[in-house]
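K.L.:
The following comprises the amino acid sequence and a computationally predicted model.
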Amino acid sequence: MSATADTPDPRAAQHPAAGERAAQDPAAQPSAAPPAGAPGRPPAAPAPPPFDGGSDRRGHQATAALGALMAVFGVVVLADAASLGDGVGAALVGPGGFPMVVGVLLIGVGAALAVRALAALRTAPAGAPAAELKGRFLRLAALVGALVVFAVVLPYAGFTLSSALLFTAAALLLGAPHPWRTAAYGWTLAGVLFLLFDVLIGLSLPGGPWGF
Amino acid sequence: MTEISALIDGFGAALSPVNLLWALLGVTIGTAVGVLPGIGPALTVALLLPLTFRLDPAASLIMFAGIYYGGMYGGSTTSILLNTPGESASMVSALEGNKMARAGRGAAALAAAAIGSFVAGTIGTVGLTFLAPVVADFAVGFGPPEYVALMALAFVTVSALLGRSILRGAASLLIGVTIGLVGIDQQSGDARLAFGLPSLLDGIDVVVVVVALFALGETFSRLMHGTGGETVEPVRDRAVLSRSDWRRSWPAWLRGSALGFPIGSLPAGGAEVPTFLSYSVEKRLSKRREEFGHGAIEGVAGPEAANNAAAAGVLVPLLTIGLPTSATAAVILTAFQSYGLQPGPQLFSESGPLLWTLIASLYIGNVMLLVLNLPLVRMWARLLTIPAYAIYAAVLVFATLGTFASGGTTADLLILYALGLLALLMHAADVPIAPAVVGLILGPLLEQELRRALALSQGDPMILVSSPLTVVLWVLMALALALPLVAKTVRRDVGRTAAEEEPEQEAAGPPPAPRA
């Protein structure tokens, strides 16, 4: 059984069936413990457990959250569709007809995802430790913050400066080792892109007070 | 043979220096993004969509088709050398190809993949040349009910085949369809899901959605689970095949093409299934079964050929019915639309020369790709040594640039980020991205045809099953709902064979999920 859940097939980790099997038997989770069926296998890799596995607790929690979000949006879509007119004559499908179907399906599929994920959550092996997860979310928040700053600053500071800073921030958050070298890469990339798109192709990019 | 003469005219146009240059640019960009993990052809074409305002249709469509084909070639390089497939259809090549690379036979694996891609791409393009006009002739008689049934069928197959499970595929598709609803309804003029925000009234631009779902989702996900330690296998010698490699590869190429093209040209989900089927077939037919799991060249040659033949096949429903069945095909459909062209049977009669130029450029692109990928494969392999942080940071810069270039404002950037976070949640929930793109593009078309059909029948839903063809299509849809079970069995088969014969599996753990 563990042989199937542990295939070198790259899909296995993401395969829902494999995920469910792994959920029933925590030992079959590749990153949790080496299964007995594969004695020659070295211990778990140093890489952190995959965030997008869908088979550990975090994966199930994410699935449940996505399902809930879809169901909520389904209600929003239905409410929006109900507020629209019936179109020309009751016999024809108006602007609200198709969204009604979509809304119902969103609620149905979202609820199904959420219910199955919550059921699987009970038996799922633990995912990454909470402290590490906190670090991941902090990094994500920092990157989103950098992106928002980029969006706000872009019209005023110009494309080249904003993009160079965005590249540097993103690369450092993703683990770039040399800050100064990374900044130099960022400036080079932003400068080349500005020359290519603004000067050569003629897409006008925001120039800022200094024109680039 | 009107096709032949039309194709010759197409070659005449495609061989003009300017169009050759666009084809070369397309296949070069395509190979590069296929090689680089995290960037796929769908994202690249989406980022380049704003160029359609500046280029003539032939130029940009030739370039996009080159990117599409090039992405398939480049993807195999990544899966062989890095064991992290650049795009989902290359997953099977990673099974045997990476083993060959570890054993120092990387060059042979790359050659088998590149020549196989060429053989299959050419066979697939020949198939496209002769099948497309036939399908287009047949599809001329389609009315709105047939289109509704076809799109419903495509929705089910895309959900079932592009995802890990039909529920997750359907979730993704619905997310795409919902995003497609936003904006002013074309027929009634009512604003839907705009919540009074002016930037939502025009709908969310396809570029913004595709860039958010692929580029931002991938980058955020990368940030969340860190940069894994992947090792790139060096390419030791020139990419040539020995005599015995040739003998083992060519039947696999032909069988892979024979599987890939027909399956790809069905209005179903793209290139994944034939690659898995081809792997199973090669393993079953091989005289050296014991080599499977340790780097059997047939296991690279067959699936790689199936992959490329299917990629050509996907163009059949795209060009003749206007039905995209992969994310890249969906984005290419948007490129057609931005020129006011609607792929479908009429396209062959109305814009025949353009289509035949495009098809001719596919033959040319394949030759270019063979030249680019055989002697220059080491140069492409060097791309893999670019550190991940640099690739993803650059992807972010490109993503924001693409959003801005498509007429974006600060509000569009904020929508981009919000959708990027949604994509991160989808990654974390293991919901595939590709069906969302197909839903985004096909959803509005489905609604349009549905409303046309019901307007014709004055609201009687029985019109949807009014012709024998529609009934057949709805029955096929019901069958397609059962098909995932079959596909799953095949995949498990592939997994089991590899597991049986490869107990001393590497410690790196399963690579992150590839995103088409």
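P.N.:
Nice, I can see it. Numbering: from 1, shown residues only, chains lettered A, B, ... in the order given.
K.L.:
count of residues packed around the closest residue in space to residue A:158 that isn't next to it in sequence?
P.N.:
Counting by CB to CB, 6 or more residues apart in numbering or on different chains, residue A:158 lies nearest to residue A:208, which is 2.5 Å off, once chain neighbours are set aside. Using the backbone N, CA and C atoms, a C-beta is placed for each residue, glycine as well. Number of residues near residue A:208 (other CB atoms under 10 Å in any protein chain shown) recorded here: 17.
K.L.:
didn't residue A:208 look like it was pressed against residue A:157?
P.N.:
Yes. At 4.9 Å, residue A:208 counts as touching residue A:157 under the criterion of CB atoms under 8 Å.
K.L.:
Got phi/psi on the residue nearest to residue A:158?
P.N.:
When quoted as degrees, to the nearest 10, the phi and psi of residue A:208 stand at phi 70, psi -180.
K.L.:
dump the residue contacts of it.
P.N.:
For residue A:208, the contact set (CB atoms under 8 Å, 6 or more residues apart in numbering or on different chains) comprises A:155, A:156, A:157, A:158, A:159, A:160, A:161, A:162.
K.L.:
and if you look at residue B:96?
P.N.:
Residue B:96 touches B:109, B:292, B:293, B:295, B:296, B:297, B:298, B:299, B:300, counting by CB under 8 Å, 6+ apart.
K.L.:
Check the gap between it and residue B:293 for me.
P.N.:
8 Å (CB to CB, to the nearest Å).
K.L.:
In a strand, residue A:156, correct?
P.N.:
No. Residue A:156 is assigned helix when assessed by DSSP: H, G, I helix; E, B strand; the rest coil, not a strand.
K.L.:
Look at it and report its pLDDT.
P.N.:
On pLDDT, residue A:156 comes in at 88.
K.L.:
helix or strand for residue 146, which one?
P.N.:
Defaulting to chain A. For residue A:146, the host element (DSSP states H and E) is helix A:130-157.
K.L.:
Oops, wrong one, chain B.
P.N.:
Using DSSP H and E, residue B:146 sits within helix B:144-162.
K.L.:
How about residue A:182?
P.N.:
Using DSSP H and E, residue A:182 sits in helix A:179-193.
K.L.:
quick one: buried residues of that helix?
P.N.:
Of the residues in helix A:179-193, A:182, A:183, A:185, A:186, A:187, A:189, A:190, A:193 count as buried by neighbour count, 16 or more other CB atoms under 10 Å in any protein chain shown.
K.L.:
just checking, residue A:70 touches residue A:104?
P.N.:
No. Assessed by CB under 8 Å, residue A:70 is found out of contact with residue A:104, at 11.7 Å.
K.L.:
More neighbours: those two, which one.
P.N.:
residue A:70 (25 against 14).
K.L.:
Pull the contacting residues for the residue lying closest to that one once chain neighbours are set aside.
P.N.:
Spatial nearest neighbour of residue A:70, excluding adjacent residues (CB to CB, 6+ apart): residue A:110 at 3.0 Å. Taking CB under 8 Å, 6+ apart as the criterion, residue A:110 is in contact with A:66, A:67, A:68, A:69, A:70, A:71, A:72, A:73, A:74, B:171.
K.L.:
So the last one sits against residue A:116, correct?
P.N.:
Going back to what we said before, that points to residue B:171. No. Applying CB under 8 Å as the test, residue B:171 and residue A:116 come out as separate, 11.2 Å apart.
K.L.:
what about the two, which has more around it?
P.N.:
More crowded of residue B:171 and residue A:116, by other CB under 10 Å: residue B:171, with 29 against 18.
K.L.:
show me where chain A has helices.
P.N.:
Assigned helices in chain A, in chain order: A:2-5, A:16-24, A:57-82, A:97-123, A:130-157, A:159-173, A:179-193 (criterion: DSSP state H).
K.L.:
nearest spatial neighbour of residue B:312, skipping sequence neighbours?
P.N.:
Spatial nearest neighbour of residue B:312, excluding adjacent residues (CB to CB, 6+ apart): residue B:124 at 2.7 Å.
K.L.:
Was I right to think that neighbour contacts residue B:314?
P.N.:
No. Residue B:124 is beyond contact range of residue B:314, at 9.3 Å (criterion: CB under 8 Å).
K.L.:
any common contacting residues for these two?
P.N.:
residue B:264.
K.L.:
picking up where we left off before, out of the buried residues of helix A:179-193, which touch chain B?
P.N.:
Restricting these to those near chain B by CB under 8 Å from any CB of the partner chain leaves A:182, A:185, A:186, A:189, A:190, A:193.
K.L.:
Might you report the residue contacts of the fourth one?
P.N.:
Taking CB under 8 Å, 6+ apart as the contact definition, residue A:189 lies against A:163, A:164, A:167, B:394, B:397.
K.L.:
now do residue A:104
P.N.:
Residues in contact with residue A:104, defined by CB under 8 Å, 6+ apart, are A:74, A:78.
K.L.:
7 Å - rerun?
P.N.:
Applying CB atoms under 7 Å, 6 or more residues apart in numbering or on different chains, we find residue A:104 in contact with residue A:74.
K.L.:
What is the neighbour count of residue 143?
P.N.:
All of this refers to chain A. By other CB under 10 Å, 26 other residues sit near residue A:143.
K.L.:
Hmm, no, I was thinking of chain B.
P.N.:
16.
K.L.:
Quick check: pLDDT value at it.
P.N.:
On pLDDT, residue B:143 comes in at 88.
K.L.:
same question, the one 10 residues further on
P.N.:
At residue B:153, the predicted lDDT confidence score is 87.
K.L.:
I figured it hits residue B:475, correct?
P.N.:
No. With contacts counted by CB atoms under 7 Å, residue B:153 stays clear of residue B:475, the gap being 9.7 Å.
K.L.:
Tell me which of those two has more neighbours.
P.N.:
Comparing residue B:153 with residue B:475 by other CB under 10 Å, the one with more neighbours is residue B:153, at 23 against 12.
K.L.:
what helix or strand does the residue lying closest to the more buried one once chain neighbours are set aside sit in?
P.N.:
The shortest distance from residue B:153 to any non-neighbouring residue, by CB to CB, 6+ apart, is to residue B:477 (4.5 Å). Using DSSP H and E, the element containing residue B:477 is helix B:468-500.
K.L.:
what about that helix, average pLDDT?
P.N.:
The model assigns helix B:468-500 a mean pLDDT of 71.
K.L.:
Let me see the backbone angles for residue B:192.
P.N.:
Main-chain dihedrals, residue B:192, degrees, to the nearest 10: phi -120, psi 130.
K.L.:
where do the strands sit along the stretch 301-450 of chain B?
P.N.:
Using DSSP state E, counting those that start in this stretch, the stretch 301-450 of chain B contains no strands.
K.L.:
Residue numbers of it in contact with chain A?
P.N.:
For the stretch 301-450 of chain B, the residues in contact with chain A (CB under 7 Å from any CB of the partner chain) are B:388-390, B:392-394, B:396-397, B:400-401, B:404-405, B:410, B:413-414, B:417, B:425-431, B:447, B:450.
K.L.:
Just give me how far the helix holding residue B:146 sits from the chain centre.
P.N.:
Put simply, helix B:144-162 sits 17 Å off its chain's centre (CA atoms, centre = their mean, to the nearest Å).
K.L.:
just checking, what packs against it?
P.N.:
Judged by 3 or more CB pairs under 7 Å, 6 or more residues apart in numbering or on different chains; DSSP states H and E, the packing partners of helix B:144-162 are helix B:166-181, helix B:434-456, helix B:468-500.
K.L.:
Out of those helices, the one nearest residue B:364 is which?
P.N.:
Nearest of those to residue B:364, taken as CB to CB: helix B:434-456 at 27.2 Å.
K.L.:
Just the buried residues of the closest one, please?
P.N.:
By neighbour count with 16+ other CB under 10 Å, helix B:434-456 contains the buried residues B:434-455.
K.L.:
List the contacts of that helix.
P.N.:
So helix B:434-456 is in contact with A:92-93, A:98, B:42, B:144-145, B:147-148, B:151, B:154, B:158-159, B:162-163, B:169, B:172-177, B:179-180, B:187, B:206, B:209-210, B:213, B:324, B:326-327, B:330-331, B:333-334, B:463-464, B:516, going by CB under 7 Å, 6+ apart.
K.L.:
Which stretches in the stretch 101-250 of chain B count as helices?
P.N.:
B:106-139, B:144-162, B:166-181, B:198-201, B:206-211, B:217-225, B:243-265 (DSSP state H, counting those that start in this stretch).
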